[in-house]
Every structure is written in structure tokens, then in C-alpha cells.
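[1] What follows is a predicted structure for the sequence shown.
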Amino acid sequence: MLKLNNITKGFPGVKALEDVSLDLAPGEVVAIIGENGAGKSTLMKILSGVYYADSGSMEFEEKPLILRSPSDALNHGIRIIYQELSGLDNLDVASNIFLGREFRKGPFVDQKKLEDESLAILQRVGLNVSPRTLLSRLSIAEKQLVEIARALSLKVKVLILDEPTSSLTLEETKRLLDLVRELKSQGVSILYITHRLDEVQEIADRVVGLRDGRNAGGLKREDITKDAMVKMMIGREILKSDSGFHNPGAVVMRLNKFRTERYPNETIDLEIRAGEILGMAGLVGAGRSELVRAVFGIDPYRGTIEIDDKPVRIRSAQEAIQHGIFLAPEDRRGCGLTVQMSVKENTSMPKLPSLASMGLINLKKEEEYARESVSKMNVKTASIHTTISTLSGGNQQKVVLGRWLALGPKVLIVDEPTRGIDVGSKAEIYEELRTIAAKGTAIWMISSDMEEVINVSDRVAVMHEGRLTGTLERGAINEEAIMLLATGGH
Amino acid sequence: MKKGGKELGILIILVVLVGASFFVNHNVLSLANLQNTSRLIGIYGVMSIGMAFVIITGGIDLSIGSVLAFMGVIFSMILANEKIPPIIAVVATIAGACLLGWGHGALVTRVRMQPFVVTLCGLLLYRGLARFVSHDHTAGFADSKPTAWIRNLAVGDSFGIIPNPVVIMVVLGIAAYILLHKSVYGRYLFASGYNEESSRYAGIDSKKIITTAYVICGFTAGLATILFAYYSNSISPSSHGSFYELYAIAAAVLGGCSLRGGEGSIIGVALGITLLIVLRNLINILGIASELEFAVMGTVIFIGVLLDTTFRSKGSRTT
């Protein structure tokens, strides 16, 4: 029903897509895979009317399809749900779902109908919140479900999901996949973009690979295996992070009766050892990010933090940094980096005072420092003066890690370190984390990606609703054990 | 990043404006007019430089016009007491203005009030205080020996030809340029202006950085208070300095500061205030109805920013 023929699209300096073709039958789920920069987003933007192809044609329901604007695409029933969420935080859930299409009673909004209808759709997507909840109070995962609810509330023939599960927990992912199946059975065609290959295996009728802006082949349902997909995406066998686990050293950080603002009634006791990677699993909303934000001095806390057996008080990020605790936050673009600034400026930011004399920046020293960090971390960037927003997610994350590494971290906290990052860069980041740990740094990794937690961690701590429900040692780490603890345990 | 395009644009507008006016009236480039205009540029420029720091944080300071009046009244009152050495009056005035700036900064960063609201209240409060403490009497400045040097700062010349306020503005401008574009503080100021949250995560004490910007703005307002006081030689509490904050804000915006924060340059601000003051001078000298003064300036600022926005959105369209 939907066909794209030989689509080509160039931007100044780069050819984003070359001769890409794609077709989609009614009720079919096609997964589109490819590394970051392979052209997936550009293709989806052409399909949703944001970009206009330089050449090539599109057909929809046997008729030529010309999209001049996103609203053209909407009118045809083509809906896209972006990875970056676009809801309005200051409105409630119901208003977000029916934004621009509010039910009316004369000149007024029919609030009751709005809420009733919203409630029905929310149940369909399995989101258990009141339609009157402000969007800003929801977690990222919940906001994502609201976006999907919004899509469902419209007439939809083709639904494009761009990395829909990158911030969802296993439970929520399962629910989303069920939803995809339900839509499929109603005849909705779905284009599913993801880096999570096990989801592709589970849901896709067909896989289309993109590499460097070109078609990189396709797989039929029966041929879909992880190895085949990875090969298609990167054109080579992937590196496995199996550089071996390190024997952990002494306890570097200890939390005693630690309480956060989010869960003031739960106390956390936790130890982290030098040279280990402590994975932290849990459902979204379990309070993991809040916990590390408090440890890093961003949010207030009660209880004590001990570094090298000495109690310390951390009231700000500067103090955390002074004690050797660093955080690479979940929200890279909003918190981890200053996206308008250059690679150099982002890299040197916390180090700047020691690259200066009498308060004046020594540019030569700074550039040298940045170059060194960039080459050590293998950041792919045109120059250190490149604005960081133009880098891919993986390279941005490497800049964040590089920034802290040079300062000699005792404890490096990484919150969802590979969220939205392609397979190739993921492997590099795991490798890097392993190397850092081997040098004696304690790594505390929060992750909602089960595969990541299991493969990368030496030890896994699991949280549920603000409580630490258990810790699994190497050998006892498996999906079932983690899920059991993440859902409350025992 | 493309830098300097904006500054060049303003410079071209300036040259074209002055050149064109010269054909209509040769007095535009007479020594007397140049001296008088540049003196004003110096005084307004001092004030605008501080404003740039605040605007780069993403804030705004609406209060400085009233600060000029309030601190000006206090300045005249201290001077009137002959037992106190005039230098104390100068220092106290500048320190007082810094203190007000610190108060604004603290309210913005610690209490998390919006800069617009804080300084709007300041605008009203200081104006009222100025009128109250002076009983709304216009204060003049006596010609006395001990204060001659202060007067000289505002109305005297260096090397027999360059108005002292120009010298002060240039020295201050160079210091501000180094602070903003070469120092750690400046880098952190831009970072906090772009994204306060991410600067916190990088370990920057953005509260301190932002508060300092308001103190700098207070400092330049304090300095300008003294220059304006002697330039106009009297202070009428109800009108002295009113609307001046808008000159400073307009200069900063013309010069490339973004009100969203994170962008701006000292050279841009200096050129911005120069353009505004020259424009005002041309309106006088060319005999354009002075009632139109604000209208003409408003139009020029509007066109300047409009052109910039149009070029910028065409030049770099990224998604």
C-alpha cells in the first residue's frame, strides 16, 4: 500500500539517502535498522512530510503520494512518533492527547467527554494515570505512552515508531509490543525503527537495513537472526565486550541510610568497590536516577555518603566532583552537554580553572587538552571546534565520558549510557567502561536495557519504588532474577 | 560558528548613516559634535556593557535607570556633607549600586524569581525611594575644588581632545572583553546562559556566576551614575535616568545578545550603543522633529533585529 522508489536526499556536504526503496503492505510490521547516521531519520522525515526528497517517488494506496508538509502526511493517515518527545508539559494528559481536536460543548471544552475518551485510550496503551495528571509529572516512558495514545486517537493507516522503547523498561516494552500486534491485527501498517534487535526478532514481519544512506538488504521473517541483522547494519562482525571481569578492590563509596526527596521513606544502603561495574536495574520510576542525582549533589538527600571510609557531605555537583564522583546523566542533550558549545568547550568545562592562569584561559593548553581527550576516546568529529549538537549520540556520550575520565574519577556514574546509541558505538562504550574499571574506578551504571545490564555488570543492584530490593553477584545475574526484584521481589 | 558578521553589519550601517548625513549637514562631523556625541556614547556605553553580562545569562535588568536616579540622589547627598571626602562618595555610590545588583542576582538565583519581575520591582522601588529621600527636590552639583576631578571624569577631555567618558568606556570595554571572551568566568557565563542545568552537571556554580553578572551590571550602573550626575549637573529624582535601561537593552540586542541567553559580545554592544546615540544625534542635527526620536530608534532596532533573524534562519537551517 505504501511504496518508496529510489529516494535520494542530499544536504550541503552529505548525501543522506541514495536510491533507497521501501514498501509496506497493510497490516505489516517492517523494522528498519541501521547504525546512527545510516539515514533512518531522514527517510522517516521524508515519509512524514518534514523533508522533500531530491529525487525518487512515493506511492500510497496505488496513487502517487506527494507530501508538502507534515499535515499532508497526517491527512493521509501517516503518523510518526519521534524519539524526542513533543508533548506539552504544562497541559494535562487528556489535553495532550486531544490537542487541537478538543471536544466542544458550545464555545466551551467538553471536559467530561475529553477525560472519558482519554481514559479509554490510556487503558488501551496500558498507562495507569488520571487524564488530569500534568504531563510534566510523568516519566519519560509514560510520556511516550501518551504520545502513542495521541496517535491512536487519530485515524492512522501507517504508524512510524522511531526508537519507541529506548527509554522503556522491559515490562513497558512488552506492553508496547502487544500494542503493536493489536494495531497490526487491525490492519495498521507499522514502520518500526529500533536499535534493540531482540524486539525486531519478536515483532517484525520483515527487516530492512540501511547503511550509509543506501539499502543494505532485507530479511524475511524466517531469516531474522541477530547475527544476520548486525552483519547487515555494520557490514562486519561485531566486537563483543568480553575483555573479562576485574577483581574488585576496596569499597570506595558507601551510602548509609540514604534517602532521596522522591522516596523520603525508603532508606538505601549500598557499597561500591574500586574496579567493579555495578549495574543498577529497575523499572522506570524506581528512583534510580533520583538516587544518583542526589549522590552527585544535584538534589538534596538525607543520610551519609562515605568516600574511602570517610564521611563526606555533598551539597553541589562541584563538591561531588571534588570528591571524585562524576555523573554522565541520562538526558545528554539537556543536562550532560551544553549543545550550543563546541566539542572543545564541552570537554574542558570542568577542567577549565586548571587550564587557566589568573582566571584567563590558556587557549593552547585547552586545545591540547581537548585534542588529547578526543583522540583517546576515539570521538569522531570534524574538529574540536565543531558544535557538539552535530555529533551523533554515541560520539556525544564519548565526549561526556572523556570529560570526566581526565579528572581521575573514583566513582563514575553513568545513567543509561547507551540510550539512543547505535550498536557499533555501544560496543565501543562498553569497551571503554571496562577499561576505566580495570584502572580502578568504580562504575555505577544505571540501565533499563536488560541485555546491557546482564552483559556489562559485575554485580547488579535492583530497585523497586525507591527501595533496594536486592543485589545479584556475578553468576546469579539473569533476566528472571532481575525482573523478580524489579517488580518488588520475593 | 560564524563570528563578527553582526558587528560588521552595524559598522556598515553606522558609516552609511553618518556619511549620508554629512552630505545634508556638514556639522555632523564637526569637532564639537563629534566630541559631544562620543561623550554621550561613553556614558551610555559604560552602562550598556554591564547590561550585556546580565542578558547573556538569559536575564534582564530593567532597574538601572532608577538606580541612576536613586544612587545619584544618594551621591549628591553624601557630597553635600563637606566633612566626607568626595572619594568616599564615589566609592559608596558604586558599592551601593553593586549591592543592589547583588540583591537582584540573589533573588534570581536563590529565590528563583524571574529577572524581569525582580528588576521591574526594582525600577519602581528605587524611583520611589529616590523621590522620597530627596523630597523630590532637584539636586545640583556645586563647583568646588575637592570635587573637580570627579566632574572632570564626566565633562573633561584627555589629551585635550578625547572626552574622558570615551576613555573610561574603552578601558572598561577592554576589561569586559577579556573577562567575557578570554576568562574562565566568561566561558562559564556563556555556558550558564545557554543551559543552566547542564552547567550545574559540569560542576559550575552557576548561581555564583549569574549573581556576579548582576553585580557587574550594578557596578557599571554605579559608574554611570557618577558620570550622568556630572554630565547633566543636576538630578531631578522623578525623571533622571528614566528609560535609560531601554537604551542599554536595545544596544545589547542590536549588538547580537540573545534575550534567551548565551549569546553576545562586547564589541557588538559597544557598536550597538554607538549606533543608537549617533542616531539620536542625527535626529537633532538634521532637524527631524524630536518628537519622533523614540519612533525612529524603535524602527531602527526593529529593522536591525529583523534582518538578523531573517539572515540567521536562512543561513543555518538545521533540524
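    Thanks, I have the structure now.
[2] mind listing the strands in the stretch 51-200 of chain B by residue range?
    Here the stretch 51-200 of chain B has its strands, by DSSP state E, counting those that start in this stretch, at B:139-140, B:157-158, B:162-163.
[3] Give me whichever of the ones you listed is most buried.
    strand B:162-163 (a mean of 20; mean count of other C-beta atoms under 10 Å in any protein chain shown). All C-beta atoms are positioned from the backbone trio N, CA, C, and that covers glycine.
[4] Give me the contacts around it.
    B:35, B:38-39, B:42, B:156-157 (C-beta atoms under 8 Å, 6 or more residues apart in numbering or on different chains).
[5] before we move on, what about stretch B:121-137?
    B:61-63, B:65-67, B:69-70, B:72-74, B:76-77, B:100, B:104, B:235, B:237-238, B:240, B:242, B:245.
[6] Repeat that for stretch A:361-372.
    Residues contacting stretch A:361-372 (C-beta under 8 Å, 6+ apart): A:343-344, A:347-348, A:351-352, A:355-356, A:384, A:406, B:182-184, B:187.
[7] Okay, residue B:56 and chain A: tell me how far apart.
    12 Å (C-beta to the nearest C-beta, to the nearest Å).
[8] Export the contacts of stretch A:361-372 to a markdown table and append columns for distance to residue A:144 and neighbour count.
    Compiled in a markdown table, these are given as follows (distance: C-beta to C-beta, whole Å; neighbours: other C-beta atoms under 10 Å in any protein chain shown):
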| residue | distance to residue A:144 | neighbour count |
| --- | --- | --- |
| A:343 | 30 | 27 |
| A:344 | 34 | 23 |
| A:347 | 31 | 28 |
| A:348 | 35 | 26 |
| A:351 | 36 | 20 |
| A:352 | 37 | 24 |
| A:355 | 40 | 18 |
| A:356 | 43 | 20 |
| A:384 | 35 | 23 |
| A:406 | 35 | 18 |
| B:182 | 44 | 16 |
| B:183 | 42 | 17 |
| B:184 | 39 | 21 |
| B:187 | 36 | 23 |
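[9] Take those residues and keep only those in helices.
    A:343-344, A:347-348, B:182, B:184, B:187 (DSSP state H).
[10] Which two among the residues you listed are spaced furthest apart?
    Within these, two members stand farthest from each other by C-beta to C-beta: A:343 and B:182, at 19.6 Å.
[11] What strands flank the host helix or strand of residue A:161, and is each parallel or antiparallel?
    Per DSSP states H and E: residue A:161 is located in strand A:158-162. Taking DSSP bridges as the criterion, strand A:158-162 pairs within the sheet with strand A:78-81 (parallel), strand A:189-193 (parallel).
[12] Pipe those into a markdown table and attach mean pLDDT per row.
    What follows is the strands paired with strand A:158-162, written out as a markdown table (pLDDT from 0 to 100):
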| stretch | mean pLDDT |
| --- | --- |
| strand A:78-81 | 87 |
| strand A:189-193 | 92 |
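[13] which stretch among the ones you listed comes nearest residue B:300?
    strand A:78-81 (43.4 Å).
[14] State the mean pLDDT of the helix or strand following that closest one.
    Downstream of strand A:78-81, the next assigned helix or strand under DSSP H and E is helix A:93-97. Mean per-residue pLDDT for helix A:93-97: 90.
[15] now helix A:93-97, how far from the centre of its chain.
    Relative to the chain's own centre, helix A:93-97 is displaced by 24 Å; criterion: C-alpha atoms, centre = their mean, to the nearest Å.
[16] what residues does the next helix or strand after it touch?
    Per DSSP H and E, the first helix or strand lying C-terminal to helix A:93-97 is strand A:104-105. Outside strand A:104-105, the residues that touch it by C-beta under 8 Å, 6+ apart are A:110, A:113.
[17] partner strands of strand A:104-105, parallel or antiparallel?
    Here, using DSSP bridges, strand A:104-105 pairs with strand A:108-109 (antiparallel).
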